[in-house]
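Student: Sequence plus predicted model, see below.
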Amino acid sequence: MTKNNNCYDDTKQPSLLTVEKTLELIKNGIKQIEKNQTQAIRDALGNTLAEDVISGINVPPHRNSAMDGYAIQSKDLENAGNIQLKVIGTSFAGAPFDGKVSKTECVRIMTGAMMPEGSDTVIMQEDTQRNDDIIEINNQHKAGQNVRHPGEDIQEGSVVLKAGKQISPADLGLLSSIGIAEVKTYCKPKIAFFSTGDELKSLGETLGPGDIYDSNRYTLHGMLKKMHVEIIDLGVIADDKALIQQTLEKAAQSADMILTSGGASVGEADYISEILAEIGQVNFWKIAMKPGKPLAFGHINQTPYFGLPGNPVSVMATCYLFVQPAIEYLKGQKEASHLSLKAKCLNKLKKSPGRTDFQRGILKQDENGELTVDTTGMQGSHILTSMSIANCFIVLPQQSGNIKEGEAVEVLPFNGIL
Ligand code: AMP
Ligand code: MG
């Protein structure tokens, strides 16, 4: 994201916080989970390593062939013209040839099979002609070719994965390649969340006049699921002060973080700020971003709390920009920044100075290899289809005005959680 060191918008609304400053304040307010456990590696997928993993072996553990072909002595390549070698045996992956290759000899070898003693080079099968137990090759081969060496991927004694790494599918492979069955990880944080609003109906209920279906609980469920956390879904809570207070207090006892959506603005039924003034230490911020201007952040007892906006796109944008890094911190993960790219904007975009826009876009590569981005159309914070169609945010800086067709813009491709 474009860096802006000025934390307050100095044009129209002096109290607006920048996205960067908001992130900094959030990070300062999160303490990582210390509880850890030893887990079978498959169960550890998505969890954070609590200690470095050191390899007790070399990978590959032995010299082996990168090709199906013939293992030879490279000295034989020094002869002029074509070379004839006698096939004295075969080395299979898992069933090595236990003799020795001498001058003018070779061993039939498969990919991954151990290099026989005396051999140092593999000639791929396609470059040989075989007659009974004799192969003929030319001398245009490089000494040492097609051989994988011990420790080429991982060296014995080296740190393979560092504490703070989120375990990925590749890491499961890496751990198993060094014979490690269990790892020490931080326990998954428990994230409790609920939606607020008298107008919200859950799936299966009938909509009355003025009602809508609750969608925020589902987008949050989806995003949290991809963040590999334990999910505590507390449902829809009506705009009832006592009920909201009760639910927040209960959540603070069992969860490592609480998220709510809606009820945090200044409408008549918006009780969250009133309740939090009594039971928490929470700041109500106005952030210089669109969508998602109001955001509450703080603590209820010791539990971090986010009061997300109510509008569906604002919930997703603020979860992506603020909750995701906060959860990474909670999980003890090292900072993973969003990938930012420049793309040619194929449309005119409306934008007024004062807030950073996170418009929804479709990022593509044109026939010349140039990155282009199309708008998804209407950009209201209630247009949830825009998030479904999009594969990136188009980030328009705080002070920027309208964008002309063909102008270069910054885009944030949706990462794994959107
Ligand atoms: P609020 O912040 O409670 O005033 O809500 C702002 C807007 O978001 C209103 O139009 C709400 O109806 C809508 N909204 C709030 N919560 C949800 C939800 N869980 N699902 C869908 N829309 C919501
Ligand atoms: Mg509401």
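Tutor: Looks like it arrived, so ask away. Ligands and ions are numbered 1, 2, ... in the order given.

Student: partners of the helix or strand that contains K364, with directions?
Tutor: For K364, the host element (DSSP states H and E) is strand 356-365. For strand 356-365, the pairing partners within the sheet under DSSP bridges are strand 289-290 (parallel), strand 371-375 (antiparallel), strand 392-396 (antiparallel).

Student: For ligand 1, which of these is the nearest?
Tutor: In terms of Cβ to the nearest ligand atom, the element of the strands paired with strand 356-365 nearest to ligand 1 is strand 289-290, at 14.4 Å. No exception for glycine: its C-beta is placed from N, CA and C like everyone else's.

Student: Mind listing residues that contact the closest one?
Tutor: Under the contact criterion Cβ atoms under 8 Å, 6 or more residues apart in numbering, strand 289-290 has outside partners 19, 317, 321, 355-358, 381.

Student: For the protein, which segments count as helices?
Tutor: The residue ranges that make up the helices of the chain, judged by DSSP state H, are 19-28, 169-177, 216-226, 241-254, 272-279, 312-318, 324-330, 385-389.

Student: CA atoms only: put the last one into PDB for me.
Tutor: Just to be clear, that refers to helix 385-389. Listed next in PDB are the C-alpha coordinates belonging to helix 385-389 (Å, rounded to 0.1, in the frame of the first residue of the first chain):
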ATOM      1  CA  THR A 385     -21.600  -8.900  -5.500                       C
ATOM      2  CA  SER A 386     -18.700  -6.600  -6.200                       C
ATOM      3  CA  MET A 387     -16.600  -8.700  -3.700                       C
ATOM      4  CA  SER A 388     -17.700 -11.900  -5.400                       C
ATOM      5  CA  ILE A 389     -16.800 -10.700  -8.900                       C
END
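
Student: Just name whatever secondary elements that helix is in contact with.
Tutor: If you count contacts as 3 or more Cβ pairs under 8 Å, 6 or more residues apart in numbering; DSSP states H and E, helix 385-389 packs onto helix 312-318, strand 356-365.

Student: buried set for it?
Tutor: Along helix 385-389, the positions that meet the burial threshold by neighbour count (16 or more other Cβ atoms under 10 Å) are 386-387.

Student: Ends of stretch 410-418, what's the gap?
Tutor: 18 Å (Cα to Cα, to the nearest Å).

Student: typo on my end, it should be stretch 97-109
Tutor: Where stretch 97-109 begins and where it ends lie 9 Å apart, using Cα to Cα.

Student: And that stretch, what's buried?
Tutor: Buried residues in stretch 97-109, counted by 16+ other Cβ under 10 Å: 97, 101, 105-109.

Student: bridging residues for I154?
Tutor: Bridge pairing for I154 (DSSP bridges) gives the partners V59.

Student: Roughly how far does it sit from ligand 2?
Tutor: 54 Å (Cβ to the ion, to the nearest Å).

Student: Count the neighbours of the closest residue to ligand 2 within the stretch 251-400 of the chain for me.
Tutor: Distance from ligand 2 to each residue of the stretch 251-400 of the chain (Cβ to the ion) is smallest for G262, at 4.1 Å. Residues lying near G262 (other Cβ atoms under 10 Å) number 27.

Student: swap in the one 5 residues further on?
Tutor: Under the neighbour criterion other Cβ under 10 Å, G267 is assigned a count of 12.

Student: how much space is there between the nearest residue to R42 once chain neighbours are set aside and ligand 1?
Tutor: Leaving aside its sequence neighbours, R42 sits nearest to L172 (Cβ to Cβ, 6 or more residues apart in numbering; 6.7 Å). For L172, the distance to ligand 1 (Cβ to the nearest ligand atom, to the nearest Å) stands at 36 Å.

Student: check contacts around L172.
Tutor: Taking Cβ under 8 Å, 6+ apart, we find L172 in contact with 41-42, 44-45.

Student: M110 now?
Tutor: 65, 68, 90-93.

Student: Out of those residues, which comes closest to ligand 1?
Tutor: Distances from ligand 1 to these, taken as Cβ to the nearest ligand atom, are shortest for A93 (55.7 Å).

Student: Check the closest residue in space to the closest one that isn't next to it in sequence and give its pLDDT.
Tutor: Beyond its immediate neighbours in the sequence, the residue positioned closest to A93 (Cβ to Cβ, 6+ apart) is G112, lying 3.8 Å away. Reported pLDDT at G112 in the predicted model: 97.

Student: going forward, begin numbering at 59 instead of 1
Tutor: Fine by me, first position is 59 from now on; the one you just mentioned is G170.

Student: just to revisit the earlier point, out of the contacts of strand 347-348, what pair is the most spread apart?
Tutor: Farthest pair in these (Cβ to Cβ) is V77 and S439. Separation: 15.7 Å.

Student: More neighbours: which of those two?
Tutor: In this comparison of V77 against S439, neighbours counted by other Cβ under 10 Å, the higher total goes to V77 at 23 against 19.

Student: correct me, but that one touches L379?
Tutor: Yes - contact criterion Cβ atoms under 8 Å: V77 and L379 qualify, at 6.4 Å.

Student: Columns pLDDT and distance to L334 on top of the buried residues of stretch 155-167, output as JSON lines?
Tutor: Supplementary listing: the buried residues of stretch 155-167 in JSON lines, determined by pLDDT from 0 to 100; distance: Cβ to Cβ, whole Å:
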{"residue": "F155", "pLDDT": "97", "distance to L334": "73"}
{"residue": "V159", "pLDDT": "98", "distance to L334": "77"}
{"residue": "E163", "pLDDT": "98", "distance to L334": "81"}
{"residue": "C164", "pLDDT": "98", "distance to L334": "78"}
{"residue": "V165", "pLDDT": "98", "distance to L334": "75"}
{"residue": "R166", "pLDDT": "98", "distance to L334": "74"}
{"residue": "I167", "pLDDT": "98", "distance to L334": "70"}
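
Student: Using TSV, lay out those residues together with distance to G255.
Tutor: Output for the buried residues of stretch 155-167, formatted as TSV (distance: Cβ to Cβ, whole Å):
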residue	distance to G255
F155	73
V159	77
E163	81
C164	77
V165	74
R166	72
I167	69
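
Student: Name the nearest of those relative to ligand 2.
Tutor: Nearest to ligand 2 among the buried residues of stretch 155-167: I167, at 70.1 Å, using Cβ to the ion.

Student: hey, what's the closest one bridged with?
Tutor: What pairs with I167, by the bridge criterion (DSSP bridges), is G127, S149.

Student: and it, what does it touch?
Tutor: Residues in contact with I167, defined by Cβ under 8 Å, 6+ apart, are 123, 126-129, 148-149, 155, 173-174, 180.
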